[in-house]
Each structure stands twice: as structure tokens, then as C-alpha cells.
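Enquirer: Can you look at this prediction? I've put the sequence above it.
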Amino acid sequence: MITAEHIRQMVIHWLDTPPNGYFAQGYGADAKAMLLKELSADVADEFLSKLRADIPIINTLDEDQLSISIETVGFDTINVVLSIGSIDIQLNENPITDIDKDYYNVSAQ
């Protein structure tokens, strides 16, 4: 049985994997690039569409159960939160690390 914790771990893995990080696969998220763009509904929709394409079990969720929201904290801080049902994952909490992963970065120079 797949639990909420399993789904959370799948999404964390997806966030930690750069796009095209696996050979010949488009799997992975570019959360850093999304956070650098002006935050809009179009950017969030594209990000969620990629999530749905890469993790098929997410397709079973409706739009009320899958969203990206923004909350202002203090004067100069904005938190971007990915909500999957009752699971909240802050996208800009910690830098996403690319170390100790079993993928090959084909664009490395």
C-alpha cells in the first residue's frame, strides 16, 4: 500500500533530481529555475504538469489536492510551498543538493 509518506519521498526525490539527470529520461525538477522566475500561475501550472508527468500516481489527485502557494514571512521573505493533499513541502527551504546522486550530468563542462 502506498502511503502519504511514500508519496512525499517520491516528490522529494523528484525535487532533488535535476531534469534529464537519468540517461534518456526527462524525469526531474528544476525548482531553482522556477524560483528564479516571476512567480505566476503559468509557472506553477508548468511545474505541476511536469510533476504529474514524471510521477503518475500524482495524476489521481485533483486540483484541490495539488497546488503551489506563496506565503509572505516578514518584510523580505517569501515561502513557496508545494501542497499534495495534507503534505506541505517548502520548495525554497534548503538548497537542493546535487551531490551523492547516481546520475550523470551531460551538460557538465
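Expert: Right, received. Where do you want to start? Numbers count the residues shown, from 1 in each chain.

Enquirer: Show me the contact partners of stretch 50-60.
Expert: Counting by C-beta atoms under 8 Å, 6 or more residues apart in numbering, stretch 50-60 makes contact with Ile2, Ile7, Met10, Val11, Trp14, Gly26, Tyr27, Gly28, Ala29, Leu66, Ile84, all of which sit outside it. Where you see a C-beta, it was placed from the backbone N, CA and C, and this is true even at glycine.

Enquirer: Report the next helix or strand after the lowest-mean-pLDDT helix or strand in the chain in sequence order.
Expert: Taking mean pLDDT, DSSP states H and E as the measure, helix 31-36 is the helix or strand of the chain with the lowest mean score, a mean of 78. Helices and strands here follow DSSP states H and E; after helix 31-36, the next one along the chain is helix 41-54.

Enquirer: for that following helix, which positions count as buried?
Expert: Residues Ala44, Phe47, Leu48, Lys50, Leu51, Asp54 are the ones in helix 41-54 that count as buried (16 or more other C-beta atoms under 10 Å).

Enquirer: Quick check: Asp88 touching Glu71?
Expert: No: under the criterion of C-beta atoms under 8 Å, Asp88 makes no contact with Glu71, lying 10.2 Å away.

Enquirer: Now do the shared contacts for those two.
Expert: Joint contacts of Asp88 and Glu71 (C-beta under 8 Å, 6+ apart) are Val81.

Enquirer: Could you measure from the residue positioned nearest the centre of the chain over to Gly74?
Expert: With distances taken as C-alpha atoms, centre = their mean, the chain has Leu15 as the residue nearest its mean C-alpha position (4.3 Å). To Gly74, Leu15 is 24 Å away according to C-beta to C-beta, to the nearest Å.

Enquirer: same question, Leu82
Expert: When distances are taken as C-beta to C-beta, Leu82 and Gly74 turn out to be 21 Å apart.

Enquirer: Much appreciated, bye for now.
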